[in-house]
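Chemist: this is a predicted model, with the sequence first.
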Amino acid sequence: MQVTNIADGTYQLSINVENILFEGFWEIPNGVSLNSYIIKGEKTAIVDGVCGWDGVPDTLFALIEQLKISPESIEYLIISHMEPDHSGWIEAFKRLNPDLKILCSNKAKDLLDAFYGITENIRVVGDNDTLDLGKGHILNFVEIPNVHWPDTIATLDTLTGTLFSCDAFGSFGKITSSVYADMLSKEELDLFEKETVRYYSNVLGFFSMQVKKAVAKCQALPVTMIAPGHGLIYRNPGEIMDAYSRYADYQKGPAREEITLIWGSMYGMTENAVNYAVRLLQEEDMVVHVHQVPEDSWGTVLSSAWTSTGIILAMPTYEFKMFPPMAATLEELGRKKVNNRKAFRFGSYGWSGGAGRELDEIMTRLAMGWEFIEPVEFAGNPRTEDLERIGSQVKKLVEEVKAVLRS
Ligand code: FEO
């Protein structure tokens, strides 16, 4: 945990969290940071908070102590968003500081009552509302609904140009060498870019239309620094704003010149064909992500699929339908609206096919709009002629991915 003075009278309080499933089910192999901010003018405000996943705010109190201020001296709490990764500490904090004045959106007000039974000392704020803390710190509130929940607001300190954006412009990944993106090595930045895509696709991706609007709204503001609730601080805000805008566009496709191959196999027969296809893809000039289901988590597969223009599905038939972990994975991709991909399917069957029927049903029901080229199904183990047919279709898919990105 650490406290960092990031601007005039402005402090970031940050902790890293590991070995949890984010929102109860997203794997985060590289952890995540939780960031809170304190702004000191003549009066002091705290923007969001940090606490352990159990809602115990001891860490927050310890961080505040490092700043040599008492929790009781904090006059205002600004709630950007009520999801408990940011709000889980409020109940305990309010017991210490019952006079705390809370500023939040109208929807957050309802959630504050529902989650913690807090109904008093609340001021509802939205676009064009301000809070003057003194010493030039005038805070402007900006509604950015559905980034992540409908309650979400961002706060711009007009003195420092700092935008406290909560989930917007956030990332998974622990903070290690520096809280500033511009201080990281290329290797560290590459990892954070992957963690930003993982975070975006897993947590915010569903709301991409609203994200796009929020990014445009933030781009029109005089922002010099972005201070999110998760991840790095950006002193060059244009880069992360542009990146988020691109991630939002990936939802409806096309995305990058990448192919994700998702596969499952019961007894290694489909796997034999997968190994052949992967070797072939590696010979092509194409970034390829390979994920086995159910071994790789939904979040990991989703993260790769989000940036991929092409998808290959390889699985056997199971009880006249798809290999069940593949069906579950596709349901998740459909729920997140990973739409309009170029796609190809192949796989093994025993006495009957049927995977295609279920695949069609999922694609139609979830309106995914994937364009499949002719599938390749084979009985049992793939023969040479089956592998040749798969090879031919893999090359065709590669061409289709490149073509759609050229158009
Ligand atoms: Fe980081 Fe939607 O909470």
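Modeler: Structure received.

Chemist: what residues are up against the closest residue to the ligand within the stretch 151-300 of the chain?
Modeler: Of all residues in the stretch 151-300 of the chain, D167 sits closest to the ligand, at 4.4 Å by Cβ to the nearest ligand atom. Where C-beta positions appear, they are placed from N, C-alpha and C, glycine not excepted. If a contact means Cβ atoms under 8 Å, 6 or more residues apart in numbering, then D167 has 80-81, 83, 147-148, 152, 203-204, 228-230 as its contacts.

Chemist: by neighbour count, which of those wins?
Modeler: Using other Cβ atoms under 10 Å as the neighbour criterion, V147 leads these with 32 neighbours.

Chemist: contact partners for the closest residue to F344 other than its chain neighbours?
Modeler: Leaving aside its chain neighbours, F344 sits nearest to L397 (4.6 Å; criterion: Cβ to Cβ, 6 or more residues apart in numbering). If you count contacts by Cβ under 8 Å, 6+ apart, L397 has them with 259, 310, 312, 342-344, 373.

Chemist: any chance of these in CSV with secondary structure as columns?
Modeler: Formatted as CSV, the contacts of L397 follow (DSSP: H, G, I helix; E, B strand; the rest coil):
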residue, secondary structure
I259, strand
G310, strand
I312, strand
K342, strand
A343, strand
F344, strand
I373, coil
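
Chemist: quick check on the nearest residue to Y349 once chain neighbours are set aside: phi, psi?
Modeler: Excluding its sequence neighbours, the residue lying closest to Y349 (Cβ to Cβ, 6+ apart) is T317, at 4.1 Å. When read as degrees, to the nearest 10, the backbone of T317 gives phi -80, psi 140.

Chemist: bridging across strands, which residues link to T317?
Modeler: M322 (DSSP bridges).

Chemist: just Y11 next, same as before
Modeler: N5, I38.

Chemist: that one and G350, how far apart?
Modeler: Applying Cβ to Cβ, to the nearest Å, the value for Y11 to G350 is 63 Å.

Chemist: repeat that for E361.
Modeler: Taken as Cβ to Cβ, the span from E361 to G350 is 21 Å.

Chemist: what's the neighbour count on S352?
Modeler: 9.

Chemist: that one against Y318, yeah?
Modeler: No: counting by Cβ atoms under 8 Å, S352 sits too far from Y318 to count as a contact (10.7 Å).

Chemist: find the nearest non-adjacent residue to I15, please.
Modeler: Nearest one to I15, counting by Cβ to Cβ, 6+ apart, is M1 at 4.4 Å.

Chemist: can you pull the contacts of the one you found?
Modeler: 13-16, 50, 59, 62-63.

Chemist: how near is L189 to E239?
Modeler: Counting by Cβ to Cβ, the gap from L189 to E239 is 10 Å.

Chemist: intersection of neighbour lists for those two?
Modeler: With Cβ under 8 Å, 6+ apart as the test, L189 and E239 both reach A181.

Chemist: low-confidence regions, the protein specifically.
Modeler: Applying pLDDT under 70 to the chain flags residues 52-57.

Chemist: can you do 90?
Modeler: Counting by pLDDT under 90, the chain shows low-confidence ranges at 1-2, 19, 24-25, 49-72, 89, 91-93, 95-96, 285, 320, 349-355.

Chemist: can you name the residues that contact the residue in the stretch 101-250 of the chain that the ligand sits nearest to?
Modeler: Proximity of the stretch 101-250 of the chain to the ligand (Cβ to the nearest ligand atom) peaks at H148, 3.7 Å away. Counting by Cβ under 8 Å, 6+ apart, H148 makes contact with 81, 83, 166-167, 203-204, 207.

Chemist: recalculate using a threshold of 10 Å.
Modeler: 23, 80-81, 83, 86, 166-168, 170, 203-204, 206-207, 210-211, 229 (Cβ atoms under 10 Å, 6 or more residues apart in numbering).

Chemist: next: Q393.
Modeler: Neighbour list for Q393: 277, 312, 344-346, 372-376 [criterion: Cβ under 10 Å, 6+ apart].

Chemist: wait, which of the residues you listed is closest to the ligand?
Modeler: I312 (32.0 Å).

Chemist: doesn't F346 make contact with that closest one?
Modeler: Yes: I312 is within contact range of F346, at 7.6 Å (criterion: Cβ atoms under 10 Å).

Chemist: give me the common contacts of the two.
Modeler: With Cβ under 10 Å, 6+ apart as the test, I312 and F346 both reach 263, 274, 277, 390, 393-394.

Chemist: now, those that are in strands?
Modeler: When the shared contacts of I312 and F346 are checked against strands using DSSP state E, the ones located there are W263.

Chemist: which stretches in the stretch 51-200 of the chain count as helices?
Modeler: In the stretch 51-200 of the chain, the helices defined using DSSP state H, counting those that start in this stretch lie at 58-66, 84-87, 90-96, 106-116, 186-199.

Chemist: what's the answer for the stretch 251-400 of the chain, then?
Modeler: 269-283, 298-307, 324-335, 355-365, 384-406.
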